[in-house]
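Student: no sequence on this one, just coordinates:
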């Protein structure tokens, strides 16, 4: 089976690493000549709309993506010649925050109040109804905290408008959440759905830093998350892995966004689950039986952002798995991740305590509260 992947970042790299073990071959299309998935796959350097690149992809048996902002119209054109999974409709919904929020509302998945913003008068009128604080976001191309501004007072309006105005925007009410979480599920072309345990997630500056699984929440909360993700999967006739990011608080669960691809919050599944999200995504895309999603222990995944630490000391911590994406360092860039795996929460706590003195101050601070719910 030859699989084409649009996008050549670390997600494509980890998909290819999983798929090679299944006997698959990969062609990756990415605009960057140093896309890190190129070490595991044939790399085609071209723009998304490039005809030559598309021709190379058409030699594949299946197509998928590691980047949710591959233009939906490109995927739609390719789908006329071979299966694109998940389908273009899922990407079209995820690429526009207004369309996404309307889809959530239509499916009965709670969301914060929101308004489409085309002009300054629109913004002022929406703020009259929502109040402050609120979050102003671009409708397209925002991820890892990009393309958004928090409005805490009237003094924030002008800088936010100067930074984001001139394009379609969405204003969302501020959500006073207690914590964030994410549910990853995989759906086959035949409609079978399997869920990974809910992840408890921690973000900083809009970037995921930690994911703890299983999330220390009541089963009723986890069941509600599974119900919400199922509604999305069924409506979109989805094939592959999808992650729904959620706010949690006294209001219950409220949707933030969904990703039509494998997702950072479920990287722990490589070591922590019977079948990783990457393998299960490929199984679904290629019409193979889905693998078990049961956990092999308690997992804590954390990202390396901007710089990779020296693995020499950290690899001495029991239960730690190391992932270096082979990317050029720069501020705010995800360069790798590590996962701690233990048989029980107490063992995870012990490993965190062993790691803390070996980390930079910022990461150590995040880890200090990472597993507070279990003590």
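Tutor: Thanks, I have the structure now. Remember, it's a predicted structure, so these values are computed and weren't measured experimentally.
Student: what average pLDDT does stretch 288-302 get?
Tutor: Averaging pLDDT along stretch 288-302 yields 96.
Student: and that stretch, end to end?
Tutor: By C-alpha to C-alpha, to the nearest Å, the extent of stretch 288-302 from end to end equals 30 Å.
Student: next, the buried residues of it.
Tutor: For stretch 288-302, burial by neighbour count (16 or more other C-beta atoms under 10 Å) applies to 290-291, 293, 295, 297-302. Where C-beta positions appear, they are placed from N, C-alpha and C, glycine not excepted.
Student: do the same with stretch 18-31
Tutor: Quick answer for stretch 18-31 (16+ other C-beta under 10 Å): 18-19, 24, 26-30.
Student: roughly how far apart are residue 110 and residue 227?
Tutor: Noted for residue 110: a distance of 12 Å to residue 227, by C-beta to C-beta, to the nearest Å.
Student: what's the answer for residue 69, then?
Tutor: Residue 69 sits 28 Å away from residue 227 when distances are taken as C-beta to C-beta.
Student: quick one, what contacts the most centrally placed residue in the chain?
Tutor: The structure's the chain has its C-alpha centroid closest to residue 263; by C-alpha atoms, centre = their mean the separation is 3.4 Å. Residue 263 makes contacts with 182, 184, 241, 243, 277, as judged by C-beta atoms under 8 Å, 6 or more residues apart in numbering.
Student: sorry, back to before: now intersect the buried residues of stretch 18-31 with the strands, please.
Tutor: Of these, the ones assigned to strands by DSSP state E are 26-30.
Student: quickly list what the residue nearest to residue 110 when sequence neighbours are not counted is bridged to.
Tutor: Closest residue in space to residue 110, ignoring its immediate chain neighbours: residue 254 at 4.7 Å, by C-beta to C-beta, 6 or more residues apart in numbering. Judged by DSSP bridges, the bridge partners of residue 254 are residue 247.
Student: count the neighbours of the nearest residue to residue 137 once chain neighbours are set aside for me.
Tutor: Leaving aside its chain neighbours, residue 137 sits nearest to residue 148 (4.1 Å; criterion: C-beta to C-beta, 6+ apart). Counted by other C-beta atoms under 10 Å, the residues lying close to residue 148 total 19.
Student: against residue 170, how distant is residue 148?
Tutor: Distance, residue 148 to residue 170, by C-beta to C-beta: 9 Å.
Student: over to residue 29?
Tutor: 30 Å.
Student: equivalent analysis for residue 47, please.
Tutor: 27 Å.
Student: for residue 155, same thing?
Tutor: For residue 155, the distance to residue 170 equals 21 Å [C-beta to C-beta].
Student: neighbour count winner among those two?
Tutor: Neighbour count, other C-beta under 10 Å: between residue 155 and residue 170, residue 170 has more, with 22 against 8.
Student: tell me the bridge partners for that one.
Tutor: residue 116, residue 137.
Student: who are the neighbours in contact with it?
Tutor: Taking C-beta under 8 Å, 6+ apart as the criterion, residue 170 is in contact with 97-98, 101, 114-117, 136-139.
Student: any idea of the pLDDT on it?
Tutor: Residue 170 is assigned 96 on the pLDDT scale.
Student: from residue 97, how far off is it?
Tutor: 5 Å.
Student: show me the shaky parts of the stretch 1-150 of the chain.
Tutor: For the stretch 1-150 of the chain, applying pLDDT under 70 flags the ranges 142-145.
Student: burial count for the closest residue to residue 286 other than its chain neighbours?
Tutor: Nearest residue to residue 286, sequence neighbours excluded (C-beta to C-beta, 6+ apart): residue 1, at 5.2 Å. Neighbours of residue 1 under the rule other C-beta under 10 Å: 16.
Student: wait, residue 1 sits on residue 64?
Tutor: No: look at residue 1 against residue 64 with C-beta atoms under 8 Å: they stay out of range, at 11.8 Å.
Student: domain parsing for the chain?
Tutor: 2-84, 113-173, 179-374 (automatic domain parsing).
Student: which one of the ones you listed lies nearest to residue 91?
Tutor: The closest of those to residue 91 is domain 2-84. By C-beta to C-beta, the value is 4.6 Å.
Student: gap between the two ends of the closest one?
Tutor: Using C-alpha to C-alpha, the end-to-end distance of domain 2-84 comes to 13 Å.
Student: i'd like the first residue to be 44 from this point on
Tutor: Got it, first residue is 44 now, which makes that one domain 45-127.
Student: tell me the helix or strand right after the helix or strand encompassing residue 382.
Tutor: For residue 382, the element it lies in under DSSP states H and E is strand 377-385. Downstream of strand 377-385, the first helix or strand assigned by DSSP H and E is helix 388-398.
Student: done for today, thanks.
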